[in-house]
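J.: My questions concern the predicted model and sequence given below.
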Amino acid sequence: MKKNLIILFSTAFSTALLSGCAGLGAATVGAVMYYKSQSHEVATVDIKAPASNVYQTALKIVNSNENVDLVKQDDAAMLLDINQADTAASIKIAKVSNGLSQLTISADSSTDGGEDNANSRVLDGVFRICKELNVECRLSE
């Protein structure tokens, strides 16, 4: 089910996000698309970096966080299934072109019941990966 969800959202957002990155000097700004429902949340962003770099960065972050359990790692598909506390999530990186990748993180909705995006582990994950890659990402308006 989670894999189908990732594929569905990845396909739906890929067209909208292809123009979501713009150059600003040496840094690139990525427009983060975020969706939250009662049962799940998804954030996706196009990043001007090779998919292998984005995947290795995500894997490094997951492996260095003692609060995150790596449940499944599929290097060929660039897919990580993780658990953090009571939340299951997936991180998927897709190659859009040689220097452009799409990062999608989907998760069960947090049990905190809040509507505030500032408490989203999904958004935190996207912004952390962007920061590690030295790419500026902002929530799309």
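T.: Nice, thanks for sending it over.

J.: would you list every one of the helices in this protein?
T.: Secondary structure of the chain (DSSP state H): helices at 2-17, 51-64, 121-132.

J.: any idea which of those scores lowest on pLDDT?
T.: Among those, helix 2-17 has the lowest mean pLDDT, at a mean of 42.

J.: Would you mind checking which helix or strand in this protein has the lowest mean pLDDT?
T.: strand 21-24 (a mean of 34; mean pLDDT, DSSP states H and E).

J.: How many residues are close by Gln56?
T.: 16 (other Cβ atoms under 10 Å). No exception for glycine: its C-beta is placed from N, CA and C like everyone else's.

J.: no, scratch that, I was asking about Leu59
T.: Leu59, neighbours per other Cβ under 10 Å, totals 17.

J.: tell me the pLDDT at the closest residue to it other than its chain neighbours?
T.: Using Cβ to Cβ, 6 or more residues apart in numbering and skipping the chain neighbours, the partner closest in space to Leu59 is Leu80 (6.6 Å). Here, the pLDDT recorded for Leu80 equals 98.
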